[in-house]
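[1] Mind looking at a prediction? Sequence and model below.
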Amino acid sequence: MNKLITLMISFMLLFTMGCDSDDNITGGAIIPEPELVGCEATTFYDWSDFEFSTSLDAGATTWLGFELGETTLFSINLNQPGFHCAIFTSCDGELGSPPPLYSFMSNGNGQEVGIVTEGIYYLEITNTRPGRLDFDFSIALNDIVYGCMNDDALNYDDTANVDDGSCEFNDCNTQYYLDNYGEMVLDCDGNCAPQSWIADGFCDDGAYGIYDEEGNVVPVNLWCEEFNFDEGDCEVIDEECSPGLIEDCNGICAPQQWLGDGFCDDGTYEYNGNPIFFNCEEFNNDNGDCDGQGRQTPRVFNKVIIGQ
């Protein structure tokens, strides 16, 4: 009887020690799934009716996903400049699979991105500005209207939003033009113009013309940026910045929202690859953002005529 009781007690102690000790447990452990980050953690939205508002720290990135059921013309609205956006068709770990389908910098207004076909897309948005910024984001999917989008063409279509390569132009390489005017070019309006009229000392802004093959007088217009404003014969037309942009101290288009935004724009930060300077008297030293840092008005180099 004593042997039986001793045996039972020994068995109970052995069982208790086995249950309380973790040292002898093998197998059966639950390994947690790795946390998804970056592209793989993309949240998908219904982009047919979508508006998104959030904030990002300097250098921070967020991912947004969408699926399209048909080919469409893709545009975005992001109300802050300085956000780098890239669209990918798939993920490569936490990053988008290179190369991106589209890559661009936001300008604070609506931007047409391009055509996207049916499929799944991942949009990466990165704050390139030196501070946390709030922003609103939305997407527009527009029907595609194919046609000729070159306003110099004979069949220009002002309703088209995607050029289909169908543009037709005046043929200036005919024997008539060569015999009467020599080598020809298409002018700012798509009309035939003598190449010899460029930089000939006369401003060809439509005041002068040539006879076409039917005997009609066709005005010649070389007063545009394409011909460097008749290579100096005409007064230069100042091109205005896009809405939301203004010329900085050097005449470079820059986001107006950068004025007095708490960061000194003294060339340290770039927009569209250009250093932006607001630290001049015209902009009150970036509306005070550059006060106390020393005024560093950028040097503008003048053209020097060689030999004078």
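    Received the coordinates, thanks.
[2] And residue 290, what's its pLDDT?
    Residue 290 is assigned a predicted lDDT (pLDDT) of 90.
[3] okay, now the domains of the chain?
    Following automatic domain parsing, the chain resolves into domains at 38-142, 175-231, 244-308.
[4] So which of these is nearest residue 154?
    When those are ranked by proximity to residue 154, the top entry is domain 175-231, at 7.3 Å, counting by Cβ to Cβ. Heads up, the C-betas are built off the backbone N, CA and C, glycines and all.
[5] Can you lay out the domains of the chain as TSV showing distance to residue 148?
    Shown next, in TSV, are the domains of the chain (distance: least, Cβ to Cβ, whole Å):
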stretch	distance to residue 148
domain 38-142	16
domain 175-231	11
domain 244-308	28
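[6] Residue 151 is nearest to which of the ones you listed?
    Taking Cβ to Cβ as the criterion, domain 175-231 is the member of these that comes nearest to residue 151, at 7.7 Å.
[7] For the stretch 51-200 of the chain, which segments count as helices?
    Counting by DSSP state H, counting those that start in this stretch, the stretch 51-200 of the chain has helices at residues 175-181.
[8] for it, what are the low-confidence residue spans?
    Within the stretch 51-200 of the chain, no stretch falls below the threshold (pLDDT under 70).
[9] so which of the domains of the chain gets nearest residue 157?
    Residue 157 lies closest to domain 175-231 among the domains of the chain, at 13.9 Å (Cβ to Cβ).
[10] Tell me the gap between the closest one and the middle of its chain.
    Relative to its parent chain, domain 175-231 has a centroid offset of 36 Å by Cα atoms, centre = their mean, to the nearest Å.
[11] got the end-to-end distance for that domain?
    One end of domain 175-231 to the other measures 27 Å (Cα to Cα, to the nearest Å).
[12] Then stretch 55-63?
    Across its full length, stretch 55-63 reaches 13 Å between end residues, using Cα to Cα.
[13] cool, and stretch 107-120?
    Per Cα to Cα, the first residue of stretch 107-120 is 25 Å away from its last.
[14] go on, stretch 104-116?
    Note: stretch 104-116 ends 15 Å apart using Cα to Cα.
[15] about what we covered before: could you dump the domains of the chain to JSON lines with mean neighbour count and distance to residue 158?
    Output for these, formatted as JSON lines (neighbours: other Cβ atoms under 10 Å; distance: least, Cβ to Cβ, whole Å):
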{"stretch": "domain 38-142", "mean neighbour count": "16", "distance to residue 158": "15"}
{"stretch": "domain 175-231", "mean neighbour count": "16", "distance to residue 158": "14"}
{"stretch": "domain 244-308", "mean neighbour count": "16", "distance to residue 158": "24"}
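[16] Mind checking these for the one nearest to residue 153?
    Residue 153 lies closest, by Cβ to Cβ, to one member of the domains of the chain: domain 175-231, at 6.2 Å.
[17] Okay, residue 75 and residue 114: tell me how far apart.
    If you measure residue 75 against residue 114 using Cβ to Cβ, to the nearest Å, the figure is 9 Å.
[18] ok, now residue 101?
    For residue 101, the distance to residue 114 under the criterion Cβ to Cβ works out to 8 Å.
[19] Nearest residue to the middle of the chain?
    The chain has residue 104 as the residue nearest its centroid, 2.3 Å off, counting by Cα atoms, centre = their mean.
[20] Show me the beta-bridge partners of the residue nearest to that one when sequence neighbours are not counted.
    Once flanking residues are discounted, residue 104 sits nearest to residue 85: 5.7 Å by Cβ to Cβ, 6 or more residues apart in numbering. Counting by DSSP bridges, residue 85 forms beta bridges with residue 104, residue 125.
[21] thought residue 85 was touching residue 124?
    Yes: with contacts defined as Cβ atoms under 8 Å, residue 85 counts as touching residue 124 at a distance of 7.0 Å.
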